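Student: need coordinates for the following:
(one chain, ligands or ions: 3)
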Amino acid sequence: MNTSGAPSVPVVLTLFPVGADYHHVALVYNSTAGIVSLYLDGRLVEHSPPKPGTPLISNGSAGFTIGDNSGGSQVFIGSVDEVEVFNVAFSSSQIKALFDSDSAGKCKPLANHPPECSSSLPSRSQLWPPNHTMNRITIQGITDPDGDPITVTITNIHQDEPTKIIPGDPSPDGANVGTNTAQVRAERNGNGDGRVYHIGFTADDGKGKGCSGEVIISVPHDLAHRAIDSEARYDSTQP
Ligand SMILES: [Ca+2]
Ligand SMILES: [Ca+2]
Ligand SMILES: [Ca+2]
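Tutor: Ligands and ions are numbered 1, 2, ... in the order given. From the prediction side, this is the model:
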């Protein structure tokens, strides 16, 4: 550290730890006392001889360097992270408090982002043949920018045909709302234009952020024609 009255105040951390763990290192310069203090994990480990009234100045050309000397020839072997510079000389108790506060202090947690529901897809987009069986549908393609594991919950299932069209028609045609896997029936009105199911869901990243969306599954009238989605909406989970 260079100051105006003392071009170089060397402080050498003689007990620097080795290993894979991160450590909290704080360097404080108090210009009133003219003392450079070095802290490791909240404890004072070394300080320079006092040189009272020596301000800290910039000489305009020498950069402020962390993890090396200003000439770039003494590279720190390891990783330097969570660097912060303050314009005030902290006391030893303030340094201790900063270290003790853990993630609320220097090591601030990274910002969390919501998962992305817009690219969601059903595990099956079409059910065939229309044999009235129930089919499991999961929601795929949801991503989280932070890589958080996503929990999907089915919130509703609707269809554009009544669940019971003729006597003996099995119903309900949708199930498992509240779980991560919907069930919908491979069925359509034999006199209709094909059935379209709408499965609504929410996705939760476990850190308080979420998104919601809908996937569509069709049961065509026949394989030569796409199912047509009418305006009508019937709750598939009702008889
Ligand atoms: Ca996230
Ligand atoms: Ca039915
Ligand atoms: Ca239809």
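
Student: now for the one helix or strand His158 maps to, which elements pack on it?
Tutor: Taking DSSP states H and E as the criterion, His158 maps to strand 151-159. Using 3 or more C-beta pairs under 8 Å, 6 or more residues apart in numbering; DSSP states H and E, the elements in contact with strand 151-159 are strand 134-140, strand 174-175, strand 181-185, strand 195-204, strand 234-235. No exception for glycine: its C-beta is placed from N, CA and C like everyone else's.

Student: got the ones you listed as CSV, with distance to ligand 2, mean pLDDT and mean neighbour count columns?
Tutor: Below are those laid out as CSV (distance: least, C-beta to the ion, whole Å; pLDDT from 0 to 100; neighbours: other C-beta atoms under 10 Å):
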stretch, distance to ligand 2, mean pLDDT, mean neighbour count
strand 134-140, 10, 98, 17
strand 174-175, 9, 98, 22
strand 181-185, 6, 98, 23
strand 195-204, 9, 98, 22
strand 234-235, 10, 98, 17
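
Student: how about the strand holding His158 against ligand 3, any contact?
Tutor: No - on the criterion C-beta under 5 Å from the ion, strand 151-159 is out of touch with ligand 3, staying 8.5 Å away.

Student: that strand to strand 195-204, inter-axis angle?
Tutor: Angle of strand 151-159 versus strand 195-204, following axes from the mean of the first three to the mean of the last three C-alpha atoms, to 10 degrees, is 160 degrees.

Student: quick check: buried residues in strand 151-159?
Tutor: Of the residues in strand 151-159, 152-154, 156-159 count as buried by neighbour count, 16 or more other C-beta atoms under 10 Å.
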